[in-house]
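Sequence and predicted structure are below.
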Amino acid sequence: QKEVEQNSGPLSVPEGAIASLNCTYSDRGSQSFFWYRQYSGKSPELIMSIYSNGDKEDGRFTAQLNKASQYVSLLIRDSQPSDSATYLCAVKTTVIFGPGTSLSVIP
Amino acid sequence: GAGVSQSPSNKVTEKGKDVELRCDPISGHTALYWYRQRLGQGLEFLIYFQGNSAPDKSGLPSDRFSAERTGESVSTLTIQRTQQEDSAVYLCASSSPAVFSGELFFGEGSRLTVL
């Protein structure tokens, strides 16, 4: 089993819709979880971090963590074409990244 | 500079040659990571340095790959006898010594092409 798994996509959503991205991890002792966004040809950039069970909201982004089920999700509300990118889930300890989910927001 | 700096930004080399890639982390960041990203693929962990501790080399794909870091400053990733499958973007990232130090700041990457 891979340490961090994501649906590779591509995931297509219409502009204004909610995009839902999911990630599962295998190390039950993991404490820190991150979502990075990577535009084509660019380096990843951190958009959300979450450390406790439950939801964490930042603008249009909401990260959800469920340690018992070992999954992390990212919701993007009111999706915009500028949100089209690959979203990478990352888990500490040595910051292992999932393969990423490609999101395409259709105007 | 304020961000992570990597050089060269692009490197084209012939199969069998050695290459060195350099990373200059954000000042004060004790942790430094190297990742490899092949075209259309995810980030593949290579090596992790944390302060003066022994590096985590568990991601290095073969003994042709090595990396060094002097203290908490510049790191060099060396690939010996390059092969075509080494063609990729090599990304360096650093993070602060703060508690939640999994928040990585990435450089722009070094794109390596092996002919």
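Yep, it's here. Note that the structure is a prediction, hence the values are computed from the model and not measured.

For chain A, what lies in contact range of chain B?
A:32, A:34, A:36, A:42-46, A:49, A:51, A:88, A:90, A:92-100 (CB under 8 Å from any CB of the partner chain). For the C-beta atoms, the positions are set from N, CA and C on the backbone; glycine is no exception.

Can you tell me the strand partners of the lowest-mean-pLDDT helix or strand in chain A and which way each runs?
Counting by mean pLDDT, DSSP states H and E, chain A has its least confident helix or strand at strand A:96-97, which shows a mean of 84. Applying DSSP bridges to the sheet, strand A:96-97 is found paired with strand A:85-91 (antiparallel).

and the strand it pairs with, how far out from the chain's middle?
Remark: strand A:85-91 is offset 5 Å from the chain centroid, using CA atoms, centre = their mean, to the nearest Å.

repeat for stretch B:80-97
4 Å.

Next: stretch A:7-19.
Chain-centre distance of stretch A:7-19: 12 Å, with CA atoms, centre = their mean.

Now do the end-to-end distance for that stretch.
End-to-end span of stretch A:7-19 (CA to CA, to the nearest Å): 13 Å.

ok, now which ones touch B:Ala2?
By CB atoms under 8 Å, 6 or more residues apart in numbering or on different chains, B:Ala2 lies in contact with B:Ile26.

follow-up on the earlier one: the following helix or strand past the least confident helix or strand of chain A - which strands sit beside it in the sheet, and in what orientation?
Scanning forward in sequence from strand A:96-97 by DSSP states H and E, the next helix or strand is strand A:101-106. Using DSSP bridges, the strands paired with strand A:101-106 in its sheet are strand A:11-14 (parallel), strand A:85-91 (antiparallel).

how about TSV for these, with distance to B:Leu115 and mean neighbour count added?
As requested, the strands paired with strand A:101-106 are exported to TSV (distance: least, CB to CB, whole Å; neighbours: other CB atoms under 10 Å in any protein chain shown):
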stretch	distance to B:Leu115	mean neighbour count
strand A:11-14	36	14
strand A:85-91	27	24
